[in-house]
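[1] build the 3D model from these lines:
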Amino acid sequence: MTNPIEIKKLTVAYDKTAVLKDIQFSVPKGSLTAIIGPNGAGKSTLIKAILGLIPKVSGDIKIYGKPYRAKDRLVGYVPQRGSVDWDFPTSALDVVLMGRYGHIGWFKRPGKEDMALAKESLKKVGMDAYANRQISQLSGGQQQRVFLARALVQDAQVYFMDEPFVGVDAATEKAIIQLLTDLKDQGKTVIVVHHDLQTVEEYFDHCILLNKEVIASGVTEEVFTLEQLHQTYGGKLAFLDKGKVMVEQTR
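    This next block holds a predicted model:
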């Protein structure tokens, strides 16, 4: 069976400096996978390279055995909230409807079915009451839920999410992880850039340890070890408390 994601010898460079080098891993179908590593490790760059948002120097990227452009309708993407222009004058419902354009085309108006799917996706993330609210008027957690709804309405098979838990409250984090778990239970594949080591073992069944190179990749209970975390984070691993791994935050 073809894995949803197969990456071989991927290298990405900025100004001739490699920021990702010889990246190689696969992600099995129906997994909930975390990409973890220190600041500057290339986590967001990795997702953008897979999605063709930035060029690669070399390497092979396959989605269900084909180049991304041949399978882009199977992929949903939730970018970092900080990379979005939240002052753009549009409603929560309109943002979610953008997720339907891959199905209907950019030059057709959404139909009744598209509208119903968008409203249902907002309901799934607890934002149906805010459908007509301008996105600039929403809180950070509410904005993140709207972008999750936009990804959901795509009805993708593979979802990439770049730090979806950053800047959200506890209730939103709980709602997001429940949604991701539901997607996994439906056989979807979810890849999440994640920064909180405290929750990796609780939330994810697979993980990729990244620091410009893949340090380890596989089942969480096999990969998420103190030895490999030290190799990934170096001296930034501060201490262990009741079995929990902590990372010293640097600014």
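[2] alpha carbons only for contacts and neighbour counts from here, please
    OK.
[3] quick check: residue 61 touching residue 8?
    Yes: using CA atoms under 8 Å, residue 61 is in contact with residue 8, at 6.7 Å.
[4] now the strands for this protein?
    Applying DSSP state E to the chain gives strands spanning 5-14, 17-27, 32-36, 58-63, 75-78, 158-162, 189-193, 206-210, 214-219, 237-241, 244-247.
[5] nearest to residue 49, of these?
    With CA to CA as the measure, strand 5-14 is the member of those nearest residue 49 (7.6 Å).
[6] quick one: strands adjacent to that closest one?
    Note on strand 5-14: by DSSP bridges, its sheet partners are strand 17-27 (antiparallel), strand 58-63 (antiparallel).
[7] now residue 207: how far from residue 31?
    10 Å (CA to CA, to the nearest Å).
[8] low-confidence ranges in the chain?
    1, 82-83, 86, 101-110, 235-251 (pLDDT under 70).
[9] ok, now with 80
    1, 81-88, 100-111, 235-251 (pLDDT under 80).
[10] and the longest helix for it?
    Counting by DSSP state H, the longest helix found in the chain is helix 170-185.
[11] roughly how far apart are residue 156 and residue 150?
    11 Å.
[12] more neighbours, those two?
    residue 150 (26 against 17; other CA atoms under 10 Å).
[13] can you report how many residues lie near the residue lying closest to the more buried one once chain neighbours are set aside?
    Among residues not flanking residue 150 along the chain, residue 96 sits closest, at 4.0 Å (CA to CA, 6 or more residues apart in numbering). The burial count assigned to residue 96 is 26, neighbours taken as other CA under 10 Å.
[14] go ahead and confirm residue 96 touches residue 154.
    No: the pair residue 96 / residue 154 is not scored as a contact, 9.1 Å apart, by CA under 8 Å.
[15] still on that earlier bit, can you list the strands of the chain in a markdown table and add distance to residue 88 and mean neighbour count?
    Converted to a markdown table, the strands of the chain look like this (distance: least, CA to CA, whole Å; neighbours: other CA atoms under 10 Å):
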| stretch | distance to residue 88 | mean neighbour count |
| --- | --- | --- |
| strand 5-14 | 29 | 18 |
| strand 17-27 | 31 | 18 |
| strand 32-36 | 30 | 25 |
| strand 58-63 | 32 | 18 |
| strand 75-78 | 17 | 22 |
| strand 158-162 | 21 | 23 |
| strand 189-193 | 25 | 25 |
| strand 206-210 | 34 | 26 |
| strand 214-219 | 37 | 18 |
| strand 237-241 | 40 | 12 |
| strand 244-247 | 36 | 16 |
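[16] tell me which of those sits nearest to residue 126.
    Residue 126 lies closest, by CA to CA, to one member of the strands of the chain: strand 75-78, at 17.1 Å.
[17] residues contacting the closest one, please?
    Contact with strand 75-78 is made by 147-148, 151-152, 154-162, 164, as judged by CA atoms under 8 Å, 6 or more residues apart in numbering.
[18] same thing but 6 Å
    151, 156, 158-161 (CA atoms under 6 Å, 6 or more residues apart in numbering).
[19] biggest separation within those, which pair?
    Within those, 156 and 161 form the most distant pair, 12.6 Å apart (CA to CA).
[20] spatially nearest residue to residue 52, not counting backbone neighbours?
    Nearest residue to residue 52, sequence neighbours excluded (CA to CA, 6+ apart): residue 68, at 7.5 Å.
[21] next: residue 11.
    That would be residue 21: by CA to CA, 6+ apart, it lies 4.5 Å from residue 11.
[22] tell me the bridge partners for the residue nearest the centre of the chain.
    Geometric centre of the chain, nearest residue: residue 161, 1.5 Å, by CA atoms, centre = their mean. Counting by DSSP bridges, residue 161 forms beta bridges with residue 78, residue 192.
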